[in-house]
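>>> Here is my input; please provide its structure:
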Amino acid sequence: MMINLANMESSSWVKVPLFSYSEVESTMDVARILAEEGKIGVVVAEKQNRGRGRRGRNWLSPEGGLYFTLIVRPEIPSKKAHLLSLASGVAVARAIKKEYDLSVTLKWPNDVLYGGRKVAGILLEMAPGEKVPKYALIGIGVNVNHPVSQFESSGVALCEILGRRLSREELLRSILKELYTIFEDFSPEEVLSRWRTLSDTLGRKVRVASPEGLFIGMACEVDEEGALILKTEEGRMIRILAGECLYLRKA
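Here you go, the predicted structure:
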């Protein structure tokens, strides 16, 4: 059944159009076209045929999940725009806690975990501008009503955790409300504080594959731009703005 957004359009906190589709290749692709046309809004689809994850990976997107991309035009310096990914993770975590009383955690840079297993993922893409991004696309996928653990041991769906089917419409409303609350008066300091509180990464030994190379060390901190700070066994401090993080030791 299509996600019904009719009631959302009149909500006072929803200030952008909502574009709903039964099936797309990727909500990110649709959103990029709309963004280049000067639009802002939320693109949501029942199913993605070529959903994207980090580093070009496919994001399995069968019916039953929640898949959407938020088009925003952030008025923040480009060097701090990566914080939008951390902020979105905070928003998803807060929404899941409020809706289902589940305590989820955040894995740098943009995974939402329950019991160490991935329940949601976030993908940030930006069009560069002179001082601020021309626009940013925030893609969010949540495992809701499809049994992810049957074919992916590292993932889990909310329906598997709670033992019942859930309303994706209500979850979408809750996530968007959290996003707009954070973005309306965007505070990098507050975003980082909330992310650190929810972090599953800090204090762990990790291996991070980044465009600059492969690094191993203790995840010590995230800085004011959202970069992960690692301390190697030799005592070097390494700053990584983007990459794939693998845990090597429990916190």
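
>>> Number of residues surrounding H82?
20 (other Cβ atoms under 10 Å). Yep, even glycine has a C-beta here, placed from its N, CA and C like the rest.

>>> That one: what's its closest spatial neighbour, skipping adjacent residues?
Leaving aside its sequence neighbours, H82 sits nearest to G226 (Cβ to Cβ, 6 or more residues apart in numbering; 4.2 Å).

>>> Just say helix, strand or coil for the one you found.
When classified by DSSP: H, G, I helix; E, B strand; the rest coil, G226 comes out as coil.

>>> L192 too?
Going by three-state DSSP: L192 is helix.

>>> So it versus E99, what's the distance?
Distance, L192 to E99, using Cβ to Cβ, to the nearest Å: 24 Å.

>>> So between those two, which is more surrounded?
Remark: of L192 and E99, L192 carries more neighbours, 20 against 16, as counted by other Cβ under 10 Å.

>>> For the more buried one, give its distance to L171.
Counting by Cβ to Cβ, the gap from L192 to L171 is 25 Å.

>>> now swap in K47 and tell me
For K47, the distance to L171 - Cβ to Cβ - is 17 Å.

>>> Neighbour count for these two, which is higher?
L171 (21 against 15).

>>> how about the strands in the stretch 151-251 of the chain?
Taking DSSP state E, counting those that start in this stretch as the test, the strands found in the stretch 151-251 of the chain are 205-210, 213-222, 228-231, 237-240, 244-247.

>>> could you give me the average pLDDT of the third one?
Spelled out, it's strand 228-231. Strand 228-231 carries an average pLDDT of 96.

>>> wouldn't L162 be in contact with E99 here?
No. Assessed by Cβ atoms under 8 Å, L162 is found out of contact with E99, at 10.1 Å.

>>> Helix or strand: which one has A136?
strand 135-142 (DSSP states H and E).

>>> ignore the last one, Y67
Here Y67 is assigned to strand 66-72, by DSSP H and E.

>>> partners of that strand, with directions?
strand 41-45 (antiparallel), strand 135-142 (antiparallel) (DSSP bridges).

>>> how about that strand: buried residues?
Residues of strand 66-72 classed as buried by neighbour count (16 or more other Cβ atoms under 10 Å): 66-72.

>>> before we move on, what about stretch 134-141?
For stretch 134-141, by 16+ other Cβ under 10 Å, it's 135-141.

>>> follow-up on the earlier one: select, out of the strands of the stretch 151-251 of the chain, the one closest to A93.
Evaluated with Cβ to Cβ, these place strand 213-222 nearest to A93, the distance being 15.0 Å.

>>> Tell me the helices and strands packed up against the closest one.
helix 188-198, strand 205-210, strand 228-231, strand 237-240 (3 or more Cβ pairs under 8 Å, 6 or more residues apart in numbering; DSSP states H and E).

>>> Many thanks, we can stop here.
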